[in-house]
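**Student:** Okay, predicted coordinates and the sequence, questions at the end:
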Amino acid sequence: MTLKDYLVRLKGRFVVWIGIYGLWVCALTSSSIFEGNALTALVKFNIAGFLSAAAIYIGTNLVEAALSAGAIVYAYHLQRHLNNAIRSDIADNFTRMSYPEYHQRSDAVYTSWMTNDINTLDHQGMINMGYLLQASWQIAASALVLFTYNPTLIISTALLAILLLTVPLIYRKRLSAAAAKWSQQNERLTNQITDVLEGFNTLFMANRRNLLVQRIWHASDEAGRANYQYIQFDMLTQFAINVVNLAAQVTLLVQAGLLAYNRLIPIGAVLTIHNLAGSTFSGLTLMSFALTTIKSVKPILEKFAAAVVPAPAKKQTVAALTNAIQLDHVTYHYPGNNPAILQDFNLTVPVNQKLAIVGPSGKGKSTILKLLSAALPDYQGRLTWDDQDYTHLDADTLRDQLTYIDQAPYIFNDTIRFNITLGNTVSDKELQKVIAECQLTDFVTQQPNGVDTVLDHNGTNISGGQKQRIALARGLIRHSKVIISDEGTAALDPKNASAVEQLLVNLPNTTLIMVTHNLRDGIKACMDQVITV
Ligand SMILES: Nc1ncnc2c1ncn2[C@@H]1O[C@H](COP(=O)(O)OP(=O)(O)OP(=O)(O)O)[C@@H](O)[C@H]1O
C-alpha cells in the first residue's frame, strides 16, 4: 500500500480535508483582493469605498484564521484514522504469518515500525500532504486573480514556477536514501534499547549496569547521526527552494510596479499582486518541498509492503484425534545454514496415550513439540494427524484441537482472568475450577481484585511458579484432548510439580505429550511411552 492507497481508502474524510483547505485559500485570496481595493479607494480619496473594502478585509481575515485552525485540527482527525489503518494492516499481516515468518524479525523491530515509522509518516507524510493541498489551492486561486489583472503576469509566474519545482529534484534521491537509513537506525535503536533493558536483572546481579549507559549511548548516537544526515539534505533542499522563491517574488513585484507605472493596473493591485505572488511562490515552495519529502517516506511503506505475506490457501479442517499423531522419517533444521536438529526421526503417539520425551538440553525436544503443533512448516518427511498429512490440514484448526503449555510462558499486562482465558468467554464457575486445579486459589484470593487484578508486563510482579501455573490454567481451560507440555512444571517445587503432573496424566480421554528434564518415578509409572532423544 502506498500513501495514496491509504488516502483513497479514507476518501470521505480526505475530501472534507481538501474542502477545508479550498475554503481557507478562498478566504485568504479574498482578503488580499480587498486589501488592494482598500488602497486603490484611498488613493482616489474614496472614503466609503475604503471603509467597506477594509471591513470585508477584516471579515475575510477572521474567516481565514478560523479555517486555517480547522484544517490543522481536521488533519489530526484524518491522521488518527490513517495511523489506525496502517497499524492494523501490519497487525493483520502478523495473523497470516507462519511461526518462522513472524520470528524473522525481533519484536523491537515491529515496535519500531508501529511507533517510529508511523511518527515519521505523520511528520513527513501527512503534514506535507496538508502543505501540498494548501499549495495547490493557493496556486489555482492566485493564478486566476493574477490572470484577471494582466495575462503577462501568468507567463512570468509559470516560468518561475517551473524553476522552483525543478531545484529540489537534485536532492530527491539522496533525501529518500537518507530517510530509509534513518528508519533502519530507528529500528536498531528500539532493538538495542529493548535488548539491554530486558537484560537489566542480569546486568544488576553481575554489577555491569554501566553497560546500560554504554549501549544506549551508542545506539542513540547512531540513530541521531542518521537523523542529522537526513536533516542536512532536507535543509539544503529547503535553502535552495527559498532562494528561488525570494527571487521569484521580487521579479513579480518589479513587474507589477512597471505595469502600475504604465497605468495598466490600479495602484492597489501592486499590493494584491505582491501578496498573491507571495502566496503563489510560497505555495510552490511548499509544494516542491512537500513533494520531495513525501517521496522520502516511500521506503517506509515499501518496507511494510515487502513484509506482507499472502493469506494461506484454504485447507482441510481438523477434527478431534481418534487414532494417532505420527512423525514419519522427519528431518528438520531451522532456516539458514543451521545443522539438522532431527534426522530421520520417527514417533507415534496413539490417541489417549501418555508420552514423556526426555534427553539432554539442545537435542530437539521442544522442536518436536513445535512440529507436532504445526508451528514449523518446512520439514522433510511426513507428519500425520489420524493419517491425514499435516501439509493438507488447516494449521489453525489443528491448534484448536491441542493445548501447548510453554516452557517460558508469557504473561500479558492484563487481568488474571484475561491471562487464563485469552479473551475467550468462560463462566466464573469454570474459571474457579481450573484455578483450583492449578493450585492458584490462594494466590488469586490474596490479590486486591481477585481474578480481575492486573498483572505487570511479562509477570514481573509474580513468581516463576505462579507464571507457570497461570500457563497451565490457560491450557486446561481450553479442554482440548491433546496436551503438549514443554517442561510445563519446571518452575514448580517438587510437591506442586508432582501434583500438577498427576493432574495431567489423570486427565480422562486425553493424549499427553510431555517434555521433562525430571521424570519422577510416580509419573513415569503412569506413562505409556518414554522416549529419549
Ligand atoms: N529459532 C531457532 N533458530 C535456530 N536454531 C534454533 C532455533 N530454536 C532452537 N534452535 C536450536 O535447535 C536445537 C534444539 O533446540 P530445542 O529447543 O528443540 O532443544 P531442547 O532439547 O528442547 O532443549 P532444552 O532441553 O534446553 O529446552 C538447539 O541446538 C537450538 O540451538
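**Tutor:** That came through fine. Residues are numbered from 1 along each chain as shown.
**Student:** any idea how far residue 179 is from residue 200?
**Tutor:** 33 Å (C-beta to C-beta, to the nearest Å). C-beta here means a position set from N, CA and C on the backbone, and glycine is covered the same way.
**Student:** ok, now residue 265?
**Tutor:** Residue 265 sits 72 Å away from residue 200, taking C-beta to C-beta as the criterion.
**Student:** Out of the two, name the residue with the larger neighbour count.
**Tutor:** Neighbour totals were compared for residue 265 and residue 200, and residue 265 leads with 21 against 11 (other C-beta atoms under 10 Å).
**Student:** That one falls within a strand, correct?
**Tutor:** No: read with DSSP: H, G, I helix; E, B strand; the rest coil, residue 265 is coil and lies in no strand.
**Student:** So it versus residue 41, what's the distance?
**Tutor:** 15 Å.
**Student:** And for residue 85?
**Tutor:** Taken as C-beta to C-beta, the span from residue 85 to residue 41 is 52 Å.
**Student:** out of these two, which sits in the busier spot?
**Tutor:** residue 41 (20 against 15).
**Student:** residues contacting the more buried one?
**Tutor:** By C-beta atoms under 8 Å, 6 or more residues apart in numbering, the residues touching residue 41 are 47, 49-50, 53, 268.
**Student:** Just checking the distance from the helix or strand residue 501 falls within to the centre of its chain.
**Tutor:** Using DSSP states H and E, residue 501 maps to helix 494-505. Computed by C-alpha atoms, centre = their mean, to the nearest Å, the separation of helix 494-505 from the middle of its chain amounts to 42 Å.
**Student:** Would you tell me which residues of this protein are close to the ligand?
**Tutor:** 334, 338, 341, 361-367 (C-beta under 6 Å from any ligand atom).
**Student:** I'd like to know which of these is nearest to residue 451.
**Tutor:** When these are compared for distance to residue 451 (C-beta to C-beta), residue 366 wins out at 30.1 Å.
**Student:** Could you find the closest non-adjacent residue to the closest one?
**Tutor:** Using C-beta to C-beta, 6 or more residues apart in numbering and skipping residues adjacent in sequence, the residue nearest residue 366 is residue 486, 5.4 Å away.
**Student:** The closest residue to residue 3 other than its chain neighbours and the ligand, how far apart?
**Tutor:** Using C-beta to C-beta, 6+ apart and skipping the chain neighbours, the partner closest in space to residue 3 is residue 125 (5.5 Å). Separation of residue 125 from the ligand (C-beta to the nearest ligand atom, to the nearest Å): 35 Å.
**Student:** And residue 125, what's its pLDDT?
**Tutor:** Looking at residue 125, its pLDDT reads 82.
**Student:** helix/strand/coil for it?
**Tutor:** Following three-state DSSP, we place residue 125 in the helix state.
**Student:** The closest residue to the ligand within the stretch 51-200 of the chain: how many residues sit nearby?
**Tutor:** Here the residue of the stretch 51-200 of the chain nearest the ligand is residue 103; by C-beta to the nearest ligand atom that distance is 6.3 Å. Counted with other C-beta under 10 Å, residues neighbouring residue 103 total 13.
**Student:** Distance-wise, check it relative to residue 113.
**Tutor:** Applying C-beta to C-beta to residue 103 and residue 113 gives a distance of 15 Å.
**Student:** Then residue 167?
**Tutor:** Residue 167 is 33 Å from residue 113, by C-beta to C-beta.
**Student:** out of these two, which sits in the busier spot?
**Tutor:** Between residue 167 and residue 113, residue 113 has the larger neighbour count (other C-beta under 10 Å), namely 22 against 18.
**Student:** who's in contact with that one?
**Tutor:** Each residue near residue 113 by C-beta under 8 Å, 6+ apart is listed here: 90, 187, 303-304.
**Student:** hang on, residue 276 packs against residue 32?
**Tutor:** Yes: counting by C-beta atoms under 8 Å, residue 276 does reach residue 32; the two are 5.7 Å apart.
**Student:** So these two - more neighbours on which side?
**Tutor:** residue 276 (29 against 23).
**Student:** Not counting sequence-adjacent ones, nearest residue to the more buried one?
**Tutor:** Going by C-beta to C-beta, 6+ apart, residue 276 has residue 142 as its nearest residue, at 4.2 Å.
**Student:** chain center to the next helix or strand after the helix holding residue 501, what's the gap?
**Tutor:** Once the chain leaves helix 494-505, the next helix or strand it forms, by DSSP H and E, is strand 511-515. From the chain centre to the centre of strand 511-515 is a distance of 37 Å (C-alpha atoms, centre = their mean).
**Student:** What helices and strands are in contact with strand 511-515?
**Tutor:** Here strand 511-515 touches strand 342-350, strand 354-358, helix 365-372, strand 482-486, helix 494-505, going by 3 or more C-beta pairs under 8 Å, 6 or more residues apart in numbering; DSSP states H and E.
**Student:** Strand 482-486 and that one, what's the angle between them?
**Tutor:** 10 degrees (axes from the mean of the first three to the mean of the last three C-alpha atoms, to 10 degrees).
**Student:** partners of strand 511-515, with directions?
**Tutor:** If you go by DSSP bridges, strand 511-515 pairs up with strand 354-358 (parallel), strand 482-486 (parallel).
**Student:** The next helix or strand after that strand: which residues count as buried?
**Tutor:** Sequence-wise, the next helix or strand downstream of strand 511-515 (DSSP H and E) is helix 521-524. Using 16 or more other C-beta atoms under 10 Å as the test for burial, helix 521-524 gives residue 523.
**Student:** do stretch 316-336 as well
**Tutor:** 318, 321, 324-327, 330, 332-333.
**Student:** before we move on, what about stretch 199-214?
**Tutor:** Buried-residue list, stretch 199-214, by 16+ other C-beta under 10 Å: 203, 212.
**Student:** still on that earlier bit, could you give the number of residues near the residue nearest to residue 3?
**Tutor:** Count around residue 125 with other C-beta under 10 Å applied: 24.
**Student:** isn't it right next to residue 297, touching?
**Tutor:** Yes: between residue 125 and residue 297 there is a contact under C-beta under 8 Å: 4.7 Å.
**Student:** Tell me the residues that contact both of these two, please.
**Tutor:** Counting by C-beta under 8 Å, 6+ apart, the residues touching both residue 125 and residue 297 are residue 3.
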